[in-house]
Every structure is written in structure tokens, then in C-alpha cells.
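> need a structure here:
(chains A and B)
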Amino acid sequence: MKLDLLTSLYVFMLAAFIGFEVIRRVSPLLHTPLMSLTNALDAIAVVGAIIMAGQYHAHRATLAKILGTIAIVAATSNIVGGFLITDRMLRMFKPSGPKKP
Amino acid sequence: MRNVLASDTFIEITYLIATALFILSLKWLSSPTTARRGVFAGELGMLLAIAGTLLHHGIVEYKWIVIGLALGAIIGVPLGEVAMTAVPQRTALSHAFGALCVTLVGTTEFYLRTPDVPRFMMGVLSLEVILGSLTFTGSLMAAGKLQEILPQRPITYKGQNIVNLGLLAIAIVVAGMLVAHPEKAQLFPLIVGIPLLFGVMMIIPIGGADMPTVISLLNSYAGLSAAAMGFVLDSKLLIIAGALDGASGLILSVNMSKAMNRSFSNVLFGAFGQEQTAVAGKQETRPVRSATPEEAAAILAAASKVVIVPGYGMAVAQAQHKVRELYDALTKRGVDVKFGIHPVAGRMPGHMNVLLAEADIPYDKLLDMDDINGDFPQTDVALVIGANDVTNPAARTDTSSPIYGMPILDVDKARTVMVIKRSMAAGFAGIDNPLYYLDKTLMLFGDAKSFVGSIVRELGGGHE
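Numbering: from 1, shown residues only, chains lettered A, B, ... in the order given. Just a heads-up that it's a prediction; the model follows:
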């Protein structure tokens, strides 16, 4: 348990550094799609909700099922909506120069 | 019973690949040429992780999972189809959904485990639900303000900051008590309920122009709460996704604060509106020079280098497409046209770029403040459309101005400045703009969309 926790903290720290380095390089041009994309990726929380809603629970099974399902709905709407709108926005960004047929 | 596919190792491997794809996704987003590949990588990673999770051997019932996924997809599609002007409120709403998911999972986890919750886990769990619930209501409030369901202007009252900080302090104290005595389950509703209230109170004093910072900050909170959830569920994938989202939100918040020369605490607790009343009393009677669309068109046609500075006013007037026609008409005459975009133009980071890209303006003509400012001294005409405070030279010179020190677009260094504006009313911050009284400045009074349309007609372009 103690060791797991420490590993998790290392993972968090390294991910935060990678995040800062990678995201610093994103052009301000794309800051809106950046936000909608990270939002969609963040909705990976759905995996926690799936396990919660689907697992066997000896106690409070109804609570887990109801809240878990609502959580799945919320996260999935972010996944679907987030990826859709990010791609829609990115498709609009075109360079200048002669248009290809 | 357990086969290879459903083994934990297999699931962990799908998570590992998903993590790599998420990082690549953000890396590819750095440039418009690779960005769409980034979205694809993100989608693939997400699909893998969800598929892996569905194979989890602990799952005994799929009915509700399938219903949840289907319902979420049904809600998600229209949220992906909103108009580009509505993207800020959509983003705020999605922060609320993300935070809702995290809060609900955290709450359930607590009730499933109580009374034996290990101390450390209780601490992280508290962080998860406190951040999650305040982000949930805070984001809903922000979305409401952006959608103009709620009043956009900041609402302040005496002692507001003390009330807000007091609420947060109580929530933290209760969380501390729970860490000390995790068996006291009756305290748990407080660390959900108080932050829910705090989220509402936090956004009440925040005005429309501060939204870019606030949305970024809420983005960061949503990410951090998801990372906390990763600690609780011991999911490295979630920790990493949350850390990436948190880092992204934090970078954007810092950018936005810098672009307004304000600190986070100033945005959250400063309520620009208070300064507004102090300055707006002063009536300005100095003369300004105004021009007609014909005159403006003649000057633009004679220029060789034009920089257009769009602000939120352009989006409100829905003038993007007329601006595109102006861009076309001038480019056809051999005029070099670029766009100078201030980081806080619009209602969220990068909003203006998306609106102009939607109007088919090539992205290499959209330049960030730092890249365009050096160009102004060689610019014949700077055309300001619906922007005000971000062009105010008082930010450079007048130490008594509330926006003193804010980085601005140096439009006053161009040979001629033209400003399209409805009237001489002050901008969002209620601050008078000395730019309008310069000899080189021409005021073009009217609605941005119809005024630009008239200029385009004079130049012999447009599709009418």
C-alpha cells in the first residue's frame, strides 16, 4: 500500500512535467481545441464509473449503480462531444495559399 | 474462469497504450498540420481504455453500463455540434460534467468503503470531492453567465471574500476531521455540500471579461480532481490523464492572467466591477475624428499593410464573415492583411482564432500579440473591430489606470488607426481609451457587421 502510493506520486509528478512541457508548445492559435481535447481525455474517468456501476457490491449496491450510471452518462457525453467539437474546430484551420481541388 | 483477454495484465496493457496515445495526442496538437492526427490518437486511446475496462473480470452486470454509455453518447453529439460562438459555454458545461462524474464516483467510493477508509485515501478522497463539487457548480454558473441565462456583470457585496474563504475553510476543516475519524460518515455530506455552495459563490463576482481565466482555472480543477480520483482508485491512467488536464488548465490560466496583468487571486477575489464604478463617472468631452465607409475604404485601398484587431465585439455582432470578405477584397488588391489577436480576446483562450478560422481566414494570418506587436510601426492601417481595452495605450503609460501594466496590442504605433465602434461608451472595464482621441485615429461609428459590409461594397467586393 505504502509503496503503491509512492509509485502513484511519482507517476503524477512525471505526468505533470510532461504535461507542462508538451502543452507549453501548443500554439495560442489552438488553445480552444486544446481545452476541448484535454476535456475529452479527462473523461477517461469513465473507466472508474464503469467498474463502479458494473461490479458486485455486498452493500449499497443500488447507490453504486445509480451514481455510477449517472457518472458514466456525464463522462461519455464529454468524450463524444469533446472529440467531435475538437475535430470540427481543427478542420476549420486551413493554411493560406492556392486551394487544392 | 479467467481467460487471457480478461486478465488484469491485458487490461493494464490497454491502459498503458492509451496513456502513450494521450500524450502523443497532446503533442500532435501543437501544430495545426498535425493536430487532427492528435484527435485521432486521443480517440483511439479512449476506445482502447474503455474496451479494456469492459473486459474487467469484476464486472458482473452490463445493463447499466450500456445504458449509461448510450445515453452519454446521445447527449454528447449535440454538445459536439454547437455553434462556434457558443464554444465557451459548451466548454464550461463539459467541465461541469467531468467534475460531476468525479464527485459521484468519489462519493460512492466513500460509502462503499466506510467505515474502514485508510487515512491517506480519505485525504485524497476529500480533495477529489471538494474540487469536484466546487468545479461542478462553478462551471455551471460560468456556463450560465456565458449563455447569458445569468447576469454577466459581476455581483459584489460587502464581506464577500470573507464569506467565500470562510466556506472553503469550513470544508477543509471538515475534511481534516474525516481524515482523523474516517468512520464519521455523517460528516461526508458536508464536504460535498459546502463546496457546491462555494462554487456558486465563487463565480457570482466574476464578470464576462474574466471568463477566459476562470474557465482555464476550472479546467485545471477538473483535471486535478480526476487525478485525485486516480489515486483513490489506484489507476495510473487516470492519474496521468488528470495531471495532463490539470497542467493544461494551469498553463492557460497563467497565460490569461499574464495577458491581463492580474494574479489569480485578483481575478477570483478582485471583482473588476468595483473599479468600474470609480472610473465610469468621468465624462469625456474631447473631440474625436470620425469617418464614413467611403473614406475608410479609400484609406484601406491605398494601404500596403493592414492589421485587423478583432475583439469580442466582433463575435457579438456576428461580423466574422463580413471581415472575411474585407480580407478577400483587400488581398485581391495586393494589400497585405494580417490579424492581431490578444490572448484574452473572446470568452475563452483561443476563441477568436476559432471564430476567424470558421470564417475561412487562413491560420497563418492569425498572429498572437507577441508576434504582431513588432509589425505595427510598419503598418499603414490598424483596423480595430469590437476590441477596446486590449488596445488602450493607457495600459503602457498611465499608472493610475486600472489596466496599467496589461500587455496590449500596440495599434497606436500604426500610421492610421481605425476603430469600428457603436458609440463612445466605455469598454468592459469601464475605462476611457485615449486611443480614440489621437490625431491619427478615425472612429467608424456603427454596427461592426454592417459597417464592414459597407466598406466591402465600396471596395467592390462582397457577395450581395
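> What is the least confident helix or strand in the chain?
Using chain A here. helix A:2-24 (a mean of 89; mean pLDDT, DSSP states H and E).
> Let me rephrase: I mean chain B.
Between all helices and strands in chain B, the lowest mean by mean pLDDT, DSSP H and E belongs to helix B:273-280, at a mean of 40.
> next structured bit after that helix?
Next helix or strand after helix B:273-280 toward the C-terminus (DSSP states H and E): helix B:293-302.
> name the element residue 66 belongs to?
Defaulting to chain A. Taking DSSP H and E as the definition, residue A:66 sits inside helix A:61-92.
> meant chain B, my bad for not saying
helix B:63-80.
> so what secondary structure elements neighbour the helix or strand just after that helix?
Per DSSP H and E, the first helix or strand lying C-terminal to helix B:63-80 is helix B:87-113. Judged by 3 or more Cβ pairs under 8 Å, 6 or more residues apart in numbering or on different chains; DSSP states H and E, helix B:87-113 is in contact with helix A:31-42, helix A:46-54, helix A:61-92, helix B:63-80, helix B:119-146, helix B:188-203, helix B:211-233, helix B:351-358. Any C-beta I mention is one placed from the backbone N, CA and C, and that applies to glycine too.
> quick one, helix B:87-113 and helix B:188-203 angle?
If you take axes from the mean of the first three to the mean of the last three Cα atoms, to 10 degrees, helix B:87-113 sits at 170 degrees to helix B:188-203.
> Quick one: residues contacting the closest residue to residue B:348 other than its chain neighbours.
Excluding the flanking residues, the one nearest residue B:348 by Cβ to Cβ, 6 or more residues apart in numbering or on different chains is residue B:88, at 4.2 Å. Going by Cβ atoms under 8 Å, 6 or more residues apart in numbering or on different chains, residue B:88 touches B:146, B:211, B:215, B:346, B:347, B:348, B:351.
> From chain A, how far out is the first one?
The one in question is residue B:146. To chain A, residue B:146 is 13 Å away according to Cβ to the nearest Cβ, to the nearest Å.
> Touching, that residue and residue B:211? I think so.
Yes: Residue B:146 is within contact range of residue B:211, at 6.2 Å (criterion: Cβ atoms under 8 Å).
> Mind listing the shared neighbours of the two?
The contact sets of residue B:146 and residue B:211 overlap at B:88, B:347 (Cβ under 8 Å, 6+ apart).
> count of neighbours near the residue nearest to residue B:140 when sequence neighbours are not counted?
Nearest in space to residue B:140, with sequence neighbours left out and distances taken as Cβ to Cβ, 6+ apart, is residue B:96 at 4.8 Å. Counted with other Cβ atoms under 10 Å in any protein chain shown, residues neighbouring residue B:96 total 24.
> With residue B:119 instead?
Residues near residue B:119, counting by other Cβ under 10 Å: 11.
> how far out from the middle of the chain is the helix holding residue B:66?
25 Å (Cα atoms, centre = their mean, to the nearest Å).
> List the buried residues of that helix.
B:64, B:65, B:68, B:69, B:71, B:72, B:75, B:76, B:79, B:80 (16 or more other Cβ atoms under 10 Å in any protein chain shown).
> and the angle for it with helix A:31-42?
Using the same axes, to 10 degrees: helix B:63-80 against helix A:31-42 is 180 degrees.
> So residue A:53 is in contact with residue B:67, correct?
No: contact criterion Cβ under 8 Å: residue A:53 and residue B:67 do not qualify, at 9.2 Å.
> Sketch out the low-pLDDT regions of chain B for me.
Residue ranges of chain B with pLDDT under 70: B:1-6, B:267-285, B:425-430, B:461-464.
> domain assignment for it?
For chain B, automatic domain parsing gives the domain ranges B:89-271, B:293-458.
> Now the terminal residues of the last one, how far apart.
Between the opening and closing residues of domain B:293-458 we find a distance of 7 Å, counting by Cα to Cα, to the nearest Å.
> helix or strand for the most centrally placed residue in chain B, which one?
Centroid-nearest residue in chain B: residue B:348, 2.8 Å away (criterion: Cα atoms, centre = their mean). Per DSSP H and E, residue B:348 falls between elements, in no helix or strand.
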